[in-house]
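> sequence first, predicted model second:
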Amino acid sequence: MTLFSLGLVRGIIGQVIAFLAGMALVVVIRALMGLPAWAAEPAWVVGGLVSIVGFLVGVGALSDWLKWIRGEETPLRHGPPEGKPAWVRYFEVDYNHKVIGVQYTVWGLFLLMTGGFFALAFRTELVQAGIQFLGYDLFNSFIGLHGIVMIAAILLGVGGMANYLVPLMIGAEDMAFPRLNALGFWINVPGTLLILLSLVVGGWDAGWTGYPPLSARGPIGYQLFFLGVYAVGLSSIVGSINLIVTTLRMRSKGMSLFRMPIFVWAVFATSLIQLTATQLIGLSFLMVLVERVLGMGFFDPGVAGPGQQLMEGGGDPLLFQHLFWFYSHPAVYIFILPGLGIISELLPVFARKPLFGYKWIAMSSLAIALVGFLVWAHHMFVSGMNPDLRIPFMFSTLLVAVPTGVKFFSWVGTLWGGKLHFPTPMLFVLGAISVFLIGGLTGPMLATVTTDIPLHDTYFVVGHFHATMFGGFVFPFFAALYYWYPKVTGRMYNETLGKIHFWIMTPAFWVQTLGQMTTGMMGMRRRIADYDPTLGAGNIEAVHLVITLAGFAIALGVVLMVYNFIQSAEVGARAGVNPWRSRSPEWQIPSPVPEHSFPSPLRVVGEPYDYGRPGAYVALGAAGDD
Amino acid sequence: MGKYRRHFTVVAVLVVLGTVFMDWLLRTVLYLPPEASTQARIVDGLLRIHIALIAFFFSLIVVFVAYSVIVFRARPGEEGDGDFIHGHTTLEIVWTAVPLVIVIVLGLIGARTLNEMTAPQPNEMVIQVVGRQWSWTFTYPDTGITSSEMVVPVDQPILLKMESPDVIHSFYVAEFRIKQDLVPGRVTEVRFTPTQTGVFLVRCAELCGTAHADMRAPVRVVTQEEYQAWVQEQSAQPADDPVALGQKVAETQGCLACHSIDGTRLVGPTWQGLFGKEEALEDGRTVTVDEAYLYRAIVDPDAEIVAGFPPGVMPQNYGEVLSEEEIQALIEYIKSLQ
């Protein structure tokens, strides 16, 4: 067993080789055409594109399909690879959804910390007005990297929870398409590596939104960013097909749609958005990519700008924004719906009480997914688009508040009259509600055009969406990590450390988000490396210092959590089958979950959240056994 | 529900108190820049409605959750279940319908105030705005004045017609509560009526590359008399002094966004003491800054990049944008900065 026999290492080697091969191809073709052989941009683009395939071949994500083409049989392997230690399977292509779920989650956590590192770097720069240690260009690259790396982290976190939990919750043996599932995870790795690699070729200074014409000029880093996002987007699409088919076709006996655990509904709604919207961000970035390499003027109106020859022209910068936001607004519902599902899933367990209004919550997820498609242009109220369009988009955006409100009221209804317990997961659920409330309530202010005009592109927006992202994803994700940690590892995490993590992170986040909103009100613009210290009657530097300190406190909390998880895997107490006294299927089988999750088919014999009433939700084995 | 009557009474009282407190707190803590335009008054009016709604709904949810956490917590050793309540259809309908009505009303108010904000006014004064990486230029079609600061008379309705030759920028003056993007290839418009005299700043609100953070220009709101005096002064400027003309070109063509005249290092080399200096170039050569070099550096900036500065930043088209006379005047101006 050598290092090179690890799939991940083979994949990275494959990526490097393919990168060089792609570059060589460009050089050869250009030489044959009689052009100067070396042109950096096309070489990096083709190299980057080929490198994604190189990684997948190296890691072995395509092997079975290639064998099928040759007519070979490929039985599904179960258990760790032969002759290798058990942990190796987490670094290899593995078709078990529980392994893939863990792979998604761990890579997601790695990216979460990487994205957090970028944030801490530029937050430190912002403590004082003036430029201290990050130059303009590095600052501008870091804010974009923070954004896109966090988005990838969230998509991976969502993928991790969905892959691990959905088959267990509906009593399925595995996902519908195990090989596609593995590809869906592994394609993220070369994609995110390309995004990080963009830093060595000049970075990119347009933020994660990458608006042209700015993104159509500037360093080669943009191209690697576009390619990386394309790969991560592909993962979303294949992952969502898999989850939709699994949910619709692989439920166990008696698992009718309205008897599924509520988290499955949330993932289903999310998958519908992912399947139908992700193409648009891929398309919009691809169009900028070819505009740069081939001079196609999709978005360039044909004016000469700094450092650039006149391009073909005839394009429209606003077209990009429509295409981009048609994905990127629904994307925020991709990020938050699973998180809100986690809140609804965990509350009944710790309140020892049925979920209040199950069907209303399930339908509100679908309603948010549907309305989410009709609101994208609220990002463009001051963009110069047809001003009359602002009114219908204002109404559709305000409408999102209604199903979101249903969720809040239902959570209150679930808590009311319960017998509440407060271990770490429950604390994070309550933290999520408090934080998402701040994010949700500041939404209508930005949906109303009049009040959006001064607040658009200021730190008020930054505060608003960090509250929705933390309340809708980060807090619920952490709640989920603590809650299912004993199921995944078979051991209990350290409760004291978990609570310390919560009590550091939650007040810090409140301070951070409210601080951001305050500076936005003062007139602090988004995405600026330097600001005017006289803003807010001269108080703005003090507020920025507080925001930065809060950011470091959040980072400390995350480090504590990771330490807790690593350490508890060795020394944590045995968790047992069902430490939370949950009714859900995954808590009726051993921890950690065996290779074949259910020893015998799962049968649904009751309602999922009937706490306070005798009788079970699910049973294992034939009808006579229970 | 009867067993909860006392609980509901307590919660209702706390929600009312919480709403009053939150409304007061938000109004006190949130610092808004001064209201310096008609638009600002309209925006702030709606902002106050939003803040009141936020105070109410925040208190509603937080009080219910906090009350449950305290009153309905499991006592140590208590392992039983809570009350078996599955849902309540009437309640669900109420808390769907009431927010629906609220957001529709908010939308109607939003639409009406937006119309008020953007409605054309009689006697509008038109100013043409050019935003480029990373400076602003304002042209007054009535008088032919071009300036790097915007000067407007108080209470005069203004209509800006804005263009960008390079990337997207955004015209944002916090005190006026207005913002509008400048999009290459089209002319965008924004209206405002200043109501307070003073000096404000227009700041670019759309990330536009390296020095985006520094892309700002003063907006001076003055009395009608002061405005007339400014127009006189601008129109009377002698054009025969090449240094004065050069300074004007430097201010209005965006040169000073990247080249300081006081020795500060910005995106490009400073002009202070530049003339006559030996400069090391990126490609290892050195060059003496004379008239010929300055001319080349203006019309073909990437040919000889000074060591330590990035290529590809300065527009390539100044040879076409500026007249021969303006380029010579610019060189004279740089020579004067010793």
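Cool, got the structure. Numbering: from 1, shown residues only, chains lettered A, B, ... in the order given.

> tell me the SS of residue B:200?
For residue B:200, the assignment made with DSSP: H, G, I helix; E, B strand; the rest coil gives strand.

> give the contact list for it.
B:36, B:173, B:174, B:175, B:176, B:218, B:219, B:220, B:221 (Cβ atoms under 8 Å, 6 or more residues apart in numbering or on different chains). In short, each C-beta sits where N, CA and C put it, glycine included.

> again with residue B:136
Residue B:136 makes contacts with B:129, B:130, B:148, B:150, B:202, B:215, B:216, B:217, as judged by Cβ under 8 Å, 6+ apart.

> which residue packs closest to the last one, ignoring adjacent ones?
Across the structure, with Cβ to Cβ, 6 or more residues apart in numbering or on different chains as the measure, the residue nearest residue B:217 apart from its sequence neighbours is residue B:136 (3.9 Å).

> and the one you found, that's in a strand?
Yes. Secondary structure of residue B:136 (three-state DSSP): part of a strand.

> mind pulling up the pLDDT for it?
Looking at residue B:136, its pLDDT reads 95.

> verify the stated contact: residue A:102 with residue A:165.
No. In this structure residue A:102 lies outside contact range of residue A:165 using Cβ atoms under 8 Å: 11.7 Å.

> the two: which has the busier surroundings?
residue A:165 (27 against 20; other Cβ atoms under 10 Å in any protein chain shown).

> which residues touch that one?
Applying Cβ under 8 Å, 6+ apart, the residues near residue A:165 are A:101, A:263, A:264, A:267, A:484, A:586.

> at 10 Å what do you get?
Taking Cβ atoms under 10 Å, 6 or more residues apart in numbering or on different chains, we find residue A:165 in contact with A:97-98, A:101, A:261, A:263-264, A:267, A:338, A:341-342, A:345, A:480, A:484, A:487, A:584-586.

> domains for the chain, by residue range?
Just so you know, I chose chain A. Following automatic domain parsing, one finds the domains of chain A at A:7-69, A:95-301+A:315-597.

> let's do chain B instead
B:2-68+B:90-118, B:125-235, B:242-336.

> comparing those, which gets the lowest mean pLDDT score?
domain B:242-336 (a mean of 85).

> how distant is that one from the center of its chain?
28 Å (Cα atoms, centre = their mean, to the nearest Å).

> in PyMOL, select just the buried ones from the contacts of residue B:200.
Listed next is the PyMOL selection for buried residues among those, using 16 or more other Cβ atoms under 10 Å in any protein chain shown:
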select buried, chain B and resi 36+173+174+175+176+219+220+221
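
> near chain A too, which of the contacts of residue B:200?
Filtering those for proximity to chain A by Cβ under 10 Å from any Cβ of the partner chain leaves B:173, B:174, B:175, B:176.

> in strands, which of those residues appear?
Of the ones next to chain A among the contacts of residue B:200, the ones assigned to strands by DSSP state E are residue B:173.

> what's the most distant pair in the ones next to chain A among the contacts of residue B:200?
Farthest pair in the ones next to chain A among the contacts of residue B:200 (Cβ to Cβ) is B:174 and B:176. Separation: 7.5 Å.

> so what's in contact with these two at the same time?
Joint contacts of residue B:174 and residue B:176 (Cβ under 10 Å, 6+ apart) are A:454, B:33, B:36, B:40, B:200, B:202.

> separation between the residue nearest the centre of chain B and residue A:523?
Nearest to the mean C-alpha position of chain B, by Cα atoms, centre = their mean, lies residue B:172 at 2.5 Å. From residue B:172 over to residue A:523 the distance is 8 Å, taken as Cβ to Cβ, to the nearest Å.

> please apply the same query to residue A:107.
39 Å.

> confirm residue A:179 sits in a helix?
Yes. Per three-state DSSP, residue A:179 lies within a helix segment.

> setting the sequence-adjacent residues aside, check what's closest to it.
Residue A:179 sits nearest to residue A:64 (Cβ to Cβ, 6+ apart), 5.4 Å away.

> related to what we said a few turns ago, who does the residue nearest to residue B:217 bridge with?
residue B:131 (DSSP bridges).

> report pLDDT for the residue of chain B most remote from its centre.
No residue in chain B sits farther from the centre than residue B:77, which is 58.0 Å out by Cα atoms, centre = their mean. For residue B:77, the model assigns a pLDDT of 86.

> now do the SS call for it.
coil.

> point out the residues in the stretch 501-626 of chain A that sit beside chain B.
Close to chain B, as judged by Cβ under 10 Å from any Cβ, the stretch 501-626 of chain A has residues A:514, A:517-532, A:534-537, A:539-540, A:543, A:581, A:607, A:609-614.

> buried among those? Need that as a selection in ChimeraX.
A single ChimeraX command selects the buried members of those (16+ other Cβ under 10 Å):
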select /A:514,517,518,519,520,521,522,523,524,525,526,527,528,529,530,531,532,535,536,540,543,607,609,610,611,612
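
> so which of the residues of the stretch 501-626 of chain A next to chain B belong to helices?
Cross-referencing these against helices under DSSP state H gives A:514, A:517, A:518, A:519, A:520, A:521, A:522, A:540, A:543.

> residue A:208: which of these is nearest?
Closest to residue A:208, out of all of those and judged by Cβ to Cβ, is residue A:520, at 18.4 Å.

> tell me who's in contact with that closest one.
Residue A:520 neighbours (Cβ under 10 Å, 6+ apart): A:442, A:454-464, A:526, B:30.

> tell me which of the domains of chain A sits most buried.
When you average the neighbours per residue for each of the domains of chain A (mean count of other Cβ atoms under 10 Å in any protein chain shown), domain A:95-301+A:315-597 leads with a mean of 22.

> so which elements touch the helix or strand hosting residue A:485?
Here residue A:485 sits within helix A:475-489, counting by DSSP states H and E. Contacts defined by 3 or more Cβ pairs under 10 Å, 6 or more residues apart in numbering or on different chains; DSSP states H and E place helix A:475-489 against helix A:97-125, helix A:136-170, helix A:262-294, helix A:317-351, helix A:424-441, helix A:495-522, helix A:540-571.

> give me the angle between that helix and helix A:97-125.
Angle between the axes of helix A:475-489 and helix A:97-125 is 140 degrees (criterion: axes from the mean of the first three to the mean of the last three Cα atoms, to 10 degrees).
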